[in-house]
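Visitor: below are the sequence and a predicted model; questions follow.
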Amino acid sequence: MRTFNTVADYIAEKGNEIGVSDWVQIDQDRINKFADATGDHQWIHVDPERAKKELGMPTIAHGYLTLSLLPYLMGMVSTVKSATRGINYGSNSVRFTQMVPVGSKVRARVKLKDAQPKAGGWQVTNEVTMEIEGQERPAMVAETLSLIFE
């Protein structure tokens, strides 16, 4: 994990890659729990036998499951010591570019695209690429917005 002493130190990295998270396993239990939490029980996510029989492949993670992992994965990438709080502010774009089969490992690669003063803190824009171990094509590319306060 990369540690910055101040927000100024962090935003000085504008235009640079901040870092890469650890790999996280996407297992069927995680997919099933996400389905229960969201009410999205589409069979392609939760029925391994049907997915194998009808599609010839394992179940796949929900796209929004991969998106929901960003706070956890980005928390592995960096921290700002002087920050009193950070708030998810939104996204400019999210694209699910590749399926994530059960059993895959994913990680987040984070680049700081922009930082602007806002509401007494800083609005930071990160480009986050969700990589799948062993795959060239990422699972997701998102431009996320966060507010950081000191």
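Guide: Good, I have the coordinates. None of these values were measured; they are calculated from a predicted model. Residues are numbered from 1 along each chain as shown.

Visitor: give me the phi and psi for the residue sitting furthest away from the middle of the chain.
Guide: In terms of distance from the mean C-alpha position of the chain, residue 53 ranks first, at 30.4 Å (C-alpha atoms, centre = their mean). Per-residue torsions, residue 53: phi -70, psi -50 (degrees, to the nearest 10).

Visitor: so how far is residue 31 from it?
Guide: As defined by C-beta to C-beta, to the nearest Å, residue 53 lies at a distance of 18 Å from residue 31. Quick note: C-beta positions are derived from backbone N, CA and C, even for glycine.

Visitor: also residue 119?
Guide: 36 Å.

Visitor: and the helix or strand where residue 110 lies, how far out from the chain middle?
Guide: Taking DSSP states H and E as the definition, residue 110 sits inside strand 105-118. Centre-to-centre, strand 105-118 and its host chain are 10 Å apart (C-alpha atoms, centre = their mean, to the nearest Å).

Visitor: so what strands line up beside the helix or strand following that strand?
Guide: Downstream of strand 105-118, the first helix or strand assigned by DSSP H and E is strand 121-132. Partners of strand 121-132 in the sheet, by DSSP bridges, are strand 105-118 (antiparallel), strand 140-149 (antiparallel).
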